[in-house]
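Colleague: have a look at this prediction, sequence included:
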Amino acid sequence: MTTPDLDQEKTSQALVSDITLRKQIESRLRESEELFHIQVEAVQDYAIFMLDAQGNVLNWNAGAERLKGYKEKEIIGTHFSCFYPEEDQNAGNPAEELKKAAAEGRVAYEGWRIRKNGSRFWADVIITALYDENGNLRGFSKVTHDITERKKAEDALRFSEARYRTLFRDNPTMLVTLDTDMTMLSVNPACASQLGYTIDELKGRSVLKLIHEDDRPAVAGQLRICLQSPHQVHRWQFRKVRKDGELLWVEETAQAVYDVSGVLNILIVCQDVTARKRLEDELKKTSMQNELILASAGEGIIGLDLEGNQTFVNASAAAMLGHDVNDLVGKSSHSTWHYVRPDGSHYSMEKCPIYAAYKDGTVHSGEEIFLRKDGTSFPVQFTSRPVLFDGKIVGAVLTFNDISERKRAEEEIARLNADLAARAVDLEYANRELEAFNYSVAHDLRNPLNVISSYCQVFKELCGAKLDENCMRYIQETYDGTLRMNRLIEALLNFSRMAHAELNWESVDLSSMAREVAAELKGTEATRHVEIRIADWLVDNGDPNLLRVVLNNLIGNAWKYTSMREEAVIEFGAKKIDGKPVYFVRDNGNGFDQAAAEKIFAPFQRLPGPEESRGFGIGLATVERIIRRHGGRVCAEGEPDKGATFYFTLSADDRRDA
């Protein structure tokens with residue numbers, strides 16, 4: 001017998017385990033998941049889907065597709081933040097909600113969500129965190145339900161309740177609710193305040209305690225009737241008693257209504273009509289006074305019904321129409337006084353302006369022609385006012401005055417205006433003739449003056465050595481006189497031209513212009529010491545040539561009338577008055593009496609001063625004419641030996657920006 005070789009012997013071993021239980025568990029798990037999937041897919045009103053731990057969509061049920069509009073293949077793998085409005089995404093709300101669900105296990109909230117088409121819906125959302133057996137976060141389940149309609153209904157209910165509370169609390173009218181025993185259940189602040197109580201003092205008390213004892217039985221009866229006929233509105237007036245004992249007349253509107261519990265209450269709206277009652281009493285007291293006023297009024301007053309019949313006529317109206325009052329009351333206005341056209345036809349009520357107040361309920365005024373009883377006509381100024389009763393037009397009140405005298409005065413005024421227009425034409429023609437005459441006279445005067453001036457020069461040059469001192473003085477005075485006469489003629493012509501020269505509007509630098517004028521004046525008397533102050537940036541609109549004449553005259557006058565001052569000062573500037581520039585030229589020269597301020601702008605009125613300084617009296621008149629043509633004004637202030645100030649304004653606002 002040989003011993004076997006153990007190293008060469010081959011062996012095998014098998015391990016067998018029974019997995020029947022695991023297979024059964026896996027099968028039941030698959031069946032459970034399939035059943036869960038079928039149930040989830042069958043839900044149409046809820047979006048139910050899973051998210052991974054990062055928030056990406058893992059699955060998608062039919063309810064989610066219907067609610068959010070995405071197909072499963074469109075949304076799987078997409079981050080769930082796409083369902084949130086942009087403002088929520090920017091605020092990081094999706095991540096915060098997952099974080100909170102992971103920490104707390106489950107979160108529930110409401111908010112706006114976005115469908116695929118961009119539309120919004122109000123959603124009820126539940127997010128639940130899912131963990132494995134080791135406690136590791138696997139993802140989230142999310143259930144979303146569209147509750148937009150419920151949200152709208154809740155908002156509408158809250159708005160309605162808030163509006164009712166606001167209306168009840170802030171309404172200036174007294175509001176009260178009563179139970180069937182007439183006990184006050186609620187009282188608004190206006191009611192408590194007007195009755196002198198606090199709300200707590202009134203709630204729970206019988207409303208009958210607030211009613212005047214004489215009116216209490218009738219009001220209690222009305223309230224019982226109100227309870228017997230729910231939803232019908234009842235109204236009555238009576239007296240209430242304030243806490244301080246003062247009486248109030250009130251008008252109540254009451255209606256029995258059921259509250260949310262089905263209990264019958266009475267809702268009362270109460271208005272204080274004390275003032276109206278007093279007014280009614282006053283109207284009764286003044287009724288006779290009104291009749292006296294109507295009777296004594298100087299203007300005609302007629303009441304008309306809707307058919308044009310006269311309901312009342314005062315004495316003045318009857319007198320103007322040539323009737324007795326009794327002849328007119330109750331009669332048609334068309335048959336007694338209304339205007340008849342020249343062809344004999346009458347106005348219809350639809351076309352007559354007097355009756356227009358019947359149609360539109362407004363006041364109408366105008367002029368008409370009325371007939372007197374004797375058939376003569378006369379013009380009237382009338383006003384027709386509608387009469388309303390309970391909101392309806394029931395007639396009109398016509399007031400009128402005979403304007404015959406005014407019409408005659410208007411005709412006279414028209415005639416006088418026509419005469420005035422004709423005279424204006426004649427005056428314009430005369431002015432043109434005068435202007436032509438001025439030029440003609442100036443030309444005719446200048447020729448002999450030039451001859452005289454020339455001969456004076458010849459006499460001085462040829463005969464000067466042979467003439468004595470008096471003769472030379474006479475010749476010089478004659479020569480100087482011709483020069484003054486020439487300057488006067490030139491001044492008169494310039495003054496005349498100012499009235500007709502066309503203005504050329506442009507921007508003018510008045511500061512630069514004033515400096516040029518000052519430089520020219522200094523050039524004529526270089527030895528004089530004069531301080532001239534000129535403000536910068538004075539710019540306005542106007543005719544530059546004419547404004548140069550203004551500054552030449554005003555600054556030139558200041559130069560002349562400061563000639564006796566060792567330290568002369570001349571200033572050109574501006575100040576604002578009512579937001580508009582007022583320019584001025586001021587000096588410290590001779591000045592003048594303020595009483596003469598209005599006269600110095602008239603032609604040939606000269607400022608007082610040394611004879612050698614005095615002009616022809618045309619310069620300031622020329623300034624006034626130029627400034628007036630610019631739409632401005634000029635005035636002066638002065639005091640003897642203390643200087644003078646001349647103010648002027650320029651063009652109107654519509655020219656200032658030209």
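Modeller: That came through fine.
Colleague: which regions of the stretch 151-300 of the chain sit below the pLDDT cut-off?
Modeller: 160-167, 286-291 (pLDDT under 70).
Colleague: 90 instead?
Modeller: Low-confidence segments of the stretch 151-300 of the chain, defined by pLDDT under 90: 151-177, 186, 188, 190-194, 199, 229-232, 236, 252-253, 257-263, 267-300.
Colleague: all helices for it, in order.
Modeller: Under the criterion DSSP state H, counting those that start in this stretch, the stretch 151-300 of the chain carries helices at the ranges 189-195, 199-202, 216-228, 274-296.
Colleague: swap in the stretch 451-600 of the chain?
Modeller: According to DSSP H, counting those that start in this stretch, the stretch 451-600 of the chain carries its helices in the segments 469-498, 510-524, 544-561.
Colleague: how about the strands in the stretch 501-650 of the chain?
Modeller: Under the criterion DSSP state E, counting those that start in this stretch, the stretch 501-650 of the chain contains strands at 506-509, 530-534, 539-542, 568-577, 580-587, 634-638, 644-648.
Colleague: out of the helices of the stretch 151-300 of the chain, which is the most enclosed?
Modeller: Neighbour counts (mean count of other CB atoms under 10 Å) averaged over each of the helices of the stretch 151-300 of the chain peak at helix 189-195, with a mean of 18. Quick note: C-beta positions are derived from backbone N, CA and C, even for glycine.
Colleague: what helices and strands are in contact with that one?
Modeller: With contacts taken as 3 or more CB pairs under 8 Å, 6 or more residues apart in numbering; DSSP states H and E, helix 189-195 sits against strand 174-178, helix 199-202.
Colleague: how far is it from where the chain is centred?
Modeller: In terms of CA atoms, centre = their mean, to the nearest Å, the gap separating the centre of helix 189-195 from the centre of its chain is 36 Å.
Colleague: likewise stretch 209-217?
Modeller: 51 Å.
Colleague: what's the strand or helix carrying Ser365 packed up against?
Modeller: Ser365 is located in strand 364-371, with elements delineated by DSSP states H and E. Here strand 364-371 touches helix 315-321, strand 377-389, going by 3+ CB pairs under 8 Å, 6+ apart.
Colleague: returning to what we had before: got the helices of the stretch 151-300 of the chain as JSON lines, with distance to Phe378 columns?
Modeller: Listed next are the helices of the stretch 151-300 of the chain as JSON lines, based on distance: least, CB to CB, whole Å:
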{"stretch": "helix 189-195", "distance to Phe378": "56"}
{"stretch": "helix 199-202", "distance to Phe378": "66"}
{"stretch": "helix 216-228", "distance to Phe378": "58"}
{"stretch": "helix 274-296", "distance to Phe378": "21"}
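Colleague: returning to what we had before: distance to Asp402 for the helices and strands packed on helix 189-195 - can I get that in a markdown table?
Modeller: Below are the helices and strands packed on helix 189-195 laid out as a markdown table (distance: least, CB to CB, whole Å):
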| stretch | distance to Asp402 |
| --- | --- |
| strand 174-178 | 53 |
| helix 199-202 | 62 |
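Colleague: of all the ones you listed, which one comes closest to Asn265?
Modeller: For these, the distance to Asn265 is smallest for strand 174-178, at 5.3 Å, taking CB to CB.
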